[in-house]
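[1] take this sequence and fold it.
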Amino acid sequence: MRAVRFVALGDSLTEGVGDPVGDRWRGWAELLAPGLAPADAPVRFTNLAVSGAQTRDVLERQTPVALALEPDIVSVVIGVNDTLRYTFDIHSVAERLDTVYAAFRARGAIVLTACLPDPGSMLGLPGAMARPLARRQHAVNAVVHALSERHGATHLHVAEEDWIEDRAVWSADRLHPGEPGHRQLARRFHALLAEEGDAHGIAPSSEAEFPAPARIASLLWLATAGTGWVARRCTDLLPQLLTLAASEVRHRARGTSARLDLSASHAVASALAALSVTERPDVA
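    So this is what the prediction gives:
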């Protein structure tokens, strides 16, 4: 029986950050893989996701490698890191995702996508700083929704649900799921695929294999690796985020905050309208 080939693209979420196994990360995609085929059929899983990746990295670096692997199923879960950069542009995000989705669908692959929570609320940032990030993530999610429908992708809605408030499913950094959260994502993707007749194995277990990190371990992570993670992103984003926050405060004082939301909605509509309806060439 021919192996099912599953390739995962994306950033730290798909790399598996928050779900350590020994000295490496595992994550939802690896947990999902065995359930894609019956027990007597092989599954070839390749994880190309890299922490910090943006949509440009997925398009230019990960997609050509993935296409060469000729996947039957490919996951493309990406976009949060784009919102954390001063170069954020929803038009560019839409163009890249449209090209990536089209390339895999043209090869007959099943494409998995997901909308994600906004990082500002997850980190508990002050409102004036959180709202601009939320607006950006909502824009990315709107694009992913629309393009998933356009390309017939299997789309998972996880951006605004009760699980976000369940501290038990998140890791110490509050941005990445812990093992329970990764298992929940794997199970939900499996359920969608099974409903569509594309998953033929047993669903991933919901039972955690490893105990949750002790509070001291979480604090240690935040004081070392976690601090570095935040610092690397703040160096890039903070100056612009402060400018965005100042604009947020001014509009709120004038009672014109709705203009910011309207502007973001118009940008999404413009980005989607600008996409060509003609078939895109494969990414080589």
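
[2] Ala274 and His91 touch, don't they?
    Yes - Ala274 lies in contact with His91 (Cβ atoms under 8 Å); the separation is 6.4 Å. Bear in mind the C-beta positions are built from the backbone N, C-alpha and C, glycine included.

[3] who's in contact with Ser206?
    Pro180, Arg183, Gln184, Arg187 (Cβ atoms under 8 Å, 6 or more residues apart in numbering).

[4] surely it is in a strand?
    No - applying DSSP: H, G, I helix; E, B strand; the rest coil, one finds Ser206 to be coil, outside a strand.

[5] can you tell me how far Val100 is from Arg61?
    Going from Val100 to Arg61 by Cβ to Cβ, to the nearest Å gives 11 Å.

[6] can you give me the strands for this protein?
    In the chain, the strands defined using DSSP state E lie at 4-10, 20-21, 24-25, 43-47, 73-77, 110-115, 154-157.

[7] returning to what we had before: Val100 and Arg61: which has the busier surroundings?
    Higher neighbour count among Val100 and Arg61: Val100, with 27 against 14, using other Cβ atoms under 10 Å.

[8] so what's that one up against?
    Residues in contact with Val100 (Cβ under 8 Å, 6+ apart) are Leu9, Thr55, Val58, Leu59, Thr63, Val76, Val283.

[9] distance-wise, check the nearest residue to the second one once chain neighbours are set aside relative to Glu60.
    Read that as Thr55. Counting by Cβ to Cβ, 6 or more residues apart in numbering, Thr55 lies nearest to Arg96, which is 4.2 Å off, once chain neighbours are set aside. Using Cβ to Cβ, Arg96 is found at 9 Å from Glu60.

[10] quick revisit: show me which of the contacts of Ser206 is closest to Glu209.
    Arg183 (8.8 Å; Cβ to Cβ).

[11] so what's the closest one scoring on pLDDT?
    Per-residue confidence (pLDDT) for Arg183: 96.

[12] touching, it and Leu32? I think so.
    No - with contact defined as Cβ under 8 Å, Arg183 does not reach Leu32; the gap is 9.6 Å.

[13] can you check which residues contact both of these two?
    Contacts common to Arg183 and Leu32, judged by Cβ under 8 Å, 6+ apart, are Pro204.

[14] the more surrounded of those two?
    Leu32 (29 against 24).

[15] so the more buried one touches Leu192, yeah?
    No - using Cβ under 8 Å, Leu32 is not in contact with Leu192; the gap is 10.5 Å.
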